[in-house]
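Student: Any chance you can model this:
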Amino acid sequence: MTALREFRPLPARTKPIAGESLTSLFRRTSLAMGYESPGRVASLLSDRHAQLPHLNHLGAGPILSRAASLLLLPAETISSLIVHHYAPALVLIKTGKTPPGRCDSKTILRYFSASWPVCPRCLRQDIVPFERLLWSFRPLPVCREHGCFLISRCPACHKPLRGDRPDVARCRCGQDLGNVNPPAISSHGLRLAENLHRALREQVPLLPEMSTAAGFWWTERLAAAIDATPIWLADVVKRTEVETSRVGNGIVWLAAAEILAEWPQRLQAFLDAFQKIDKHRTTSTGVSRRFGLLLRQAAYLEEMGYPPPANALRQYLLEHYAGGHLSGKICLFQTPKQRSTLRRRTWIPQTLAAEMLGLRHGAVAKLVQQGILEGRLLPAGRRGRSMGLVRRQSVETLERELRSAIRVEAAAKRLGIGRHGVLDLIHGGILPRAVRTAKGWLIPAASVTDLEFYCGQLPPGKPTSLQWLTLRQATHRFGPAGLTLALLMELVRSGKVSARMADPAKRLNGIVVSQSDLTELSPQIRDRRDQEHGYPVHHLGKVLFAGRPIKVSVVKKWISQKLLRARKSGRARVIAATDVERFRMQYCLAEEACRLLDITRSTLSRWEVAGLLRPIYGKRVTPGAGFSLYRREDLVGLSRRRSRAA
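Tutor: Have a look, this model is predicted:
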């Protein structure tokens, strides 16, 4: 205590300024006493029995009393200059407990920066530059008075601004911080900063039913999640109109404040983006792999007595999450009341959807692929298994339709066609939303009614010309080209084929169509059949190479040599359109080989005899072959060798 007795009273100009920090006051005190470093005066507070912490982190005790005696100020005034002044608004406690008067070390590390950002415009206008206590508060990275961001790094040396520098207006490298032009902030970002400031100074809750400390704790968790979501952060940067390279990490706090200001809609939009970001693989459940630690943190707040974040996340999972199943293992659904909400979930598993509709489990995935049910499917294992969810509303809609649905026999009687004709209309999509159950097909009555109504709207007439065919005659004549009853009705409804209602009593069998229109569309019908269902062997020989028909026996040889891959379709063998395209890309005939090599046919024969080129199918390779088939890769290699030799 010898140093205190030798210390002279301070001049009046060293009294604290509104909003000043204790570090700044000691700096100004050192300058007033003629010391070169502010640490000289601060060293008077410590002795061998008490170690001096950061000045702005001083707590109640002998050191705080010694500081009050040293500065000739009341202890209450000193307390208003340190971070513990904000303890009631920042320290998270359970509801109903008395707010503490001091910030613990975790709270200080969470909310207060180790460096000391400054506002260059404030330093420029101060008669005696001083630091504000709020400048070190992480969630508030802006100066509300000048509408700009604080700078935390020197623009000259790019080092963090330390709090123990001798001159607050200068960096240790000599850069005058008052001459720096800070990045501006938009009015939208300034409103968000004002919300955070009012919450800190006036303890206005950031969210209803939550204390200010709980609001700031949740804001810090959201800021950490936003920092790991570049897509969302890029959108926030556009809205706040700032340069992220100059504002550092402060933008994530404003982004978190934006979510709280537009709660809960903005949270739902953020979760849509956040769940697509890859998370750490050690998280426990599938839901946590999508949402990281947000679910656990919301559950922790709920245990402390602050349920809004947990309720919002729980509601989002029930209504919008379709990336996996929800169960009582998830921390937000572990109580009986919370687990009961899972039964009212918007997205339900395929097994539950199949149970509601009376279908087998595998049928639900097919209904989703057909667009009858709304859902999201993901592959799961082998043999075509899938994992996914179905929207409950679409299941309930289809369930209501199936209650009044009719069977194939009843639909055939109403439409005036045979049972196989009805099945063809179902597979062709003319009778939509039909579902196959264990007891047979169920067709919504509305689908049959719509088709009956359309047929009744066709222009009446009983053509006598032979150019008009009934539906049965049309499918019989153009069936080899791929015309079916469903495709014919599709062409009629699209207006590509003219149709008349010759006999309304026969319903669909009373419709007649134009033979000339079908003759004109026949090549397109055949191409469509080939693309969808594949090429029959007899037809493929005619179209495999344009202008060069191939015998069926040759096509069968290529299939046996595995140059073409065929599959069984009934009693016929069919080659898929994709495999035909692959064959055309890999192989060619002699005429195209001569064109690619820029040689004559006789030269090609001499090269085959000399062994320079070997066909995969030809006279010298396959007995009885009437022409040659070459691999394009061999032709390209030979052409390159010729170019190098030349």
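
Student: Can you give me the end-to-end span of stretch 85-103?
Tutor: End-to-end distance of stretch 85-103 (Cα to Cα, to the nearest Å): 9 Å.

Student: Check stretch 621-637 too.
Tutor: Per Cα to Cα, stretch 621-637 runs 20 Å from first to last residue.

Student: For it, which residues meet the burial criterion?
Tutor: Residues of stretch 621-637 classed as buried: 622, 628, 629, 630, 631, 634, 635 (neighbour count, 16 or more other Cβ atoms under 10 Å). Just so you know, the C-beta spots here come from the backbone N, C-alpha and C atoms, and that holds for glycine as well.

Student: Look at the fourth one and tell me its secondary structure.
Tutor: Spelled out, it's residue 630. Following DSSP: H, G, I helix; E, B strand; the rest coil, the label given to residue 630 is strand.

Student: Nearest residue to it in space, please, no chain neighbours.
Tutor: residue 593 (4.6 Å; Cβ to Cβ, 6 or more residues apart in numbering).

Student: And the spatially most central residue of the chain, how far from residue 318?
Tutor: The centre of the chain sits closest to residue 276, judged by Cα atoms, centre = their mean, with a distance of 4.4 Å. Distance of residue 276 to residue 318, given as Cβ to Cβ, to the nearest Å: 19 Å.

Student: ditto for residue 153
Tutor: Taking Cβ to Cβ, one finds residue 153 at 44 Å from residue 318.

Student: again with residue 387
Tutor: From residue 387 to residue 318 the distance is 19 Å (Cβ to Cβ).

Student: now for the helix or strand where residue 412 lies, which elements pack on it?
Tutor: Using DSSP states H and E, residue 412 sits within helix 408-415. Under the contact criterion of 3 or more Cβ pairs under 8 Å, 6 or more residues apart in numbering; DSSP states H and E, helix 408-415 touches helix 419-427, helix 445-456.

Student: Count the neighbours of the spatially closest residue to residue 139 that is not a sequence neighbour for me.
Tutor: Spatial nearest neighbour of residue 139, excluding adjacent residues (Cβ to Cβ, 6+ apart): residue 253 at 4.6 Å. The local packing of residue 253 (other Cβ atoms under 10 Å) involves 25 other residues.

Student: For residue 253, which three-state class applies?
Tutor: Relying on three-state DSSP, one would call residue 253 helix.

Student: can you list the residues that contact stretch 147-166?
Tutor: 23, 27, 36-39, 54, 56, 113-121, 131, 135-136, 141-143, 171-175, 177, 180, 182-185, 190, 242, 246-248, 250 (Cβ atoms under 8 Å, 6 or more residues apart in numbering).

Student: Can you flag the buried ones in those residues?
Tutor: 23, 27, 38, 54, 56, 113, 116-121, 131, 135-136, 141-143, 171, 175, 177, 180, 182-185, 190, 242, 247-248, 250.

Student: In helices only, show me these.
Tutor: Among the buried ones among the contacts of stretch 147-166, the residues falling in helices (DSSP state H) are 23, 27, 120, 121, 190, 247.

Student: Mind pulling up the pLDDT for the fifth one?
Tutor: pLDDT recorded at residue 190 is 90.

Student: again with the fourth one
Tutor: pLDDT for residue 121: 91.

Student: now residue 285
Tutor: 54.

Student: what stretches of this structure score poorly on pLDDT?
Tutor: 1-14, 31-53, 58-61, 164, 243-248, 280-285, 379-386 (pLDDT under 70).

Student: Could you rerun that using 50?
Tutor: Residue ranges of the chain with pLDDT under 50: 1-13, 48-52.

Student: okay, now the domains of it?
Tutor: The chain breaks down into these domains under automatic domain parsing: 2-81, 407-533, 550-646.

Student: Between helix 419-427 and the helix or strand residue 492 falls within, find me the angle.
Tutor: Taking DSSP H and E as the criterion, residue 492 maps to helix 485-493. Helix 485-493 runs at 60 degrees relative to helix 419-427, counting by axes from the mean of the first three to the mean of the last three Cα atoms, to 10 degrees.

Student: C-terminal to helix 485-493, what's the next element?
Tutor: Taking DSSP H and E, what comes next after helix 485-493 is strand 499-501.

Student: what's the helix or strand just after that following strand packed up against?
Tutor: Downstream of strand 499-501, the next assigned helix or strand under DSSP H and E is strand 511-514. With contacts defined as 3+ Cβ pairs under 8 Å, 6+ apart, the packing partners of strand 511-514 are strand 468-470, helix 471-478, helix 485-493, strand 499-501.

Student: downstream neighbour of strand 511-514 in the secondary structure list?
Tutor: helix 515-533.

Student: any idea which helix or strand comes after that next one?
Tutor: That would be, after helix 515-533 and using DSSP H and E, strand 535-536.

Student: What pairs with that next one, parallel or antiparallel?
Tutor: Taking DSSP bridges as the criterion, strand 535-536 forms sheet pairs with strand 572-575 (antiparallel).

Student: what residues does the partner strand touch?
Tutor: 533, 534, 535, 536, 537, 540, 559, 564, 565, 566, 567, 568.

Student: can these go into JSON lines with extra columns for distance to residue 351?
Tutor: Output for the contacts of strand 572-575, formatted as JSON lines (distance: Cβ to Cβ, whole Å):
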{"residue": "533", "distance to residue 351": "33"}
{"residue": "534", "distance to residue 351": "34"}
{"residue": "535", "distance to residue 351": "40"}
{"residue": "536", "distance to residue 351": "40"}
{"residue": "537", "distance to residue 351": "43"}
{"residue": "540", "distance to residue 351": "43"}
{"residue": "559", "distance to residue 351": "42"}
{"residue": "564", "distance to residue 351": "41"}
{"residue": "565", "distance to residue 351": "36"}
{"residue": "566", "distance to residue 351": "38"}
{"residue": "567", "distance to residue 351": "32"}
{"residue": "568", "distance to residue 351": "33"}
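
Student: Many thanks, have a good one.
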